[in-house]
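> Next input, structure requested:
(one chain, ligands or ions: 2)
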Amino acid sequence: MANSDNTAAVLHAANDLRMESISVPEPKDTEVLISMGSVGICGSDIKYWALGKCGKFVVKEPMVLGHEASGVVVGVGSKVTHLKEGDRVAIEPGIPCRSCNLCKKGRYNLCPGVEFCATPPIDGNLCRLYKHPADFCFKLPDHVSLDEGAMLEPLSVAVYSCKRAEIDLGSTVLVCGAGPIGLLAMMVAKNAGATNIMITDIDEHRLNFAKKMGADHIFKIVDKDGDVVARKVSSILGEPDVTLDCSGVDSSFILGIQVTRPGGKVVRVGGGSPKVELPLTRLNTNEVDLLGIFRYANCYPIALDLIASGALNVKPLISHHFTLLETEKAFLTASDRNSQSIKVIIHCDR
Ligand SMILES: [Zn+2]
Ligand SMILES: [Zn+2]
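Residues are numbered from 1 along each chain as shown. Ligands and ions are numbered 1, 2, ... in the order given. Have a look, this model is predicted:
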């Protein structure tokens, strides 16, 4: 192998990100060694970097960041049959145990033993060289770029959300939050046949971008009073069959419960407070279903097909590019509202 330098973006603690040389991993029989290409910065990466934690996961030891990734295979374990050196792959970052009941049922995202890139204490792949189980690497067709390969990760979250919400032909959908996940969820919902989609945000730039990407309605949230927002949303959109809360803001999840039609579904895609007071009467009187999302399962192949077939174009979401050594700058850009960034990509091969 030509390159033995393995520079990595290692997070030691909140606001302590260092570019360090780590050892070059040796792939096992069933793994591949990957020369890393594109890695997208996710909201969770920013939380680890800024706060040292994300939800219940806390950074206690130095950890390599990054999990929205693609690269080129440069080493192949002896039992790997579907990949060879030179193949460009997207890397599905969560490796489940494969033998528990949840894994066997196909709900491997819920496996208690899952090891997920850049979720403490598991290292991510913001580095030059990284190894991964070959069956969680998806070969990219020649016309799909490494940047698009990195986008399969957030796109899989969007695909999983829409599948769980059973979005269908003619669905009316409210998407809360016009960040990368909200935008992708909106695009996937449209692809799944939703004909009336509203997306909300507090950021005008993001809403205008959402409009360009196909939202039927955009709604800027300015009112503090949730009931007023709910009335205004309903008067424009009608009653959505599904609300996908991709905002991570409690008031948006509550909005979803207030406006979704009887028998509809509200999906909490983003996070939010661990405890919130909710208007639960609608669950009993209107059978509004509340659903949670934890990452995704079996969605990478679908996400790849959506991009490879041309059904979805995710390229416009990629707003900024940085080299690996510019990782800190990339994080500053991704976390700065004024940068108008949507998806920031770090190129580990530059
Ligand atoms: Zn992510
Ligand atoms: Zn398992």
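> what's the burial count for the nearest residue to Ala230 once chain neighbours are set aside?
Spatial nearest neighbour of Ala230, excluding adjacent residues (CB to CB, 6 or more residues apart in numbering): Gln258 at 4.3 Å. Placement of C-beta: from N, CA and C, glycine included. If you count neighbours by other CB atoms under 10 Å, Gln258 ends up with 20.
> Kindly report the same for the one 5 residues further on.
Gly263 sits with 10 neighbouring residues when counted by other CB under 10 Å.
> Excluding chain neighbours, what is closest to it?
Glu287 (5.2 Å).
> Let me see the contact set for the residue nearest to Ala230.
Contact analysis of Gln258 by CB atoms under 8 Å, 6 or more residues apart in numbering lists 226-227, 230, 279, 282.
> tally of neighbours for Pro133?
Pro133 has 18 neighbours, counted by other CB under 10 Å.
> got it, and Asn101?
By the measure other CB under 10 Å, the count of residues near Asn101 is 9.
> Repeat that for Leu129.
Other residues near Leu129 come to 24 when the count uses other CB under 10 Å.
> Likewise for Asn284?
For Asn284, the count of nearby residues is 8 (other CB under 10 Å).
> Give me the packing partners of the helix or strand containing it, helices and strands only.
Using DSSP states H and E, Asn284 sits within helix 281-285. Contacts defined by 3 or more CB pairs under 8 Å, 6 or more residues apart in numbering; DSSP states H and E place helix 281-285 against helix 250-259.
> could you point out which element follows the helix it packs on?
strand 265-268.
> Parallel or antiparallel, list what pairs with that next one.
strand 242-245 (parallel), strand 289-292 (parallel) (DSSP bridges).
> May I have it exported as CSV, CA atoms only?
Extracted C-alpha coordinates of strand 265-268, given in CSV (Å, rounded to 0.1, in the frame of the first residue of the first chain):
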residue,chain,number,x,y,z
LYS,A,265,-48.6,9.7,12.2
VAL,A,266,-46.1,12.0,13.8
VAL,A,267,-42.5,10.9,13.6
ARG,A,268,-39.8,12.3,15.8
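> chain center to that strand: distance?
When distances are taken as CA atoms, centre = their mean, to the nearest Å, strand 265-268 is centred 17 Å away from the chain's centroid.
> what angle separates the helix or strand in which Val228 is found from helix 250-259?
According to DSSP H and E, Val228 maps onto helix 226-237. Going by axes from the mean of the first three to the mean of the last three CA atoms, to 10 degrees, helix 226-237 is angled at 60 degrees with respect to helix 250-259.
> Switch the contacts of Gln258 over to TSV; also include pLDDT.
Formatted as TSV, the contacts of Gln258 follow (pLDDT from 0 to 100):
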residue	pLDDT
Gly226	95
Asp227	96
Ala230	97
Pro279	92
Arg282	92
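> among those residues, which are within reach of ligand 2?
Among the contacts of Gln258, no residue is within reach of ligand 2 (CB under 5 Å from the ion).
> Please list only the buried members of these.
226, 230, 282 (16 or more other CB atoms under 10 Å).
> For beta bridges, what are the partners of His347?
If you apply DSSP bridges, the partners that His347 bridges to are Ser38, Thr323.
> Give me the neighbour count for it.
A count of nearby residues for His347, using other CB under 10 Å, gives 18.
> Next, the contact list for it, please.
Applying CB under 8 Å, 6+ apart to His347 gives the contacts 37-38, 321-324.
> Give me the pLDDT for it.
His347 carries a pLDDT score of 98 in this model.
> Please report the distance of whichever residue of the stretch 1-150 of the chain sits closest to ligand 1 from His12.
Residue of the stretch 1-150 of the chain nearest ligand 1, by CB to the ion: Cys42 (3.0 Å). As for Cys42, its distance to His12 is 19 Å (criterion: CB to CB, to the nearest Å).
> neighbour-wise, which of these two wins?
Neighbour count, other CB under 10 Å: between Cys42 and His12, Cys42 has more, with 25 against 14.
> I figured the more buried one hits Cys54, correct?
No. Under the contact definition of CB atoms under 8 Å, Cys42 does not touch Cys54, with a separation of 9.5 Å.
> Contact partners for Val89?
Neighbour list for Val89: 32, 34, 70-73, 83, 137-140, 149 [criterion: CB under 8 Å, 6+ apart].
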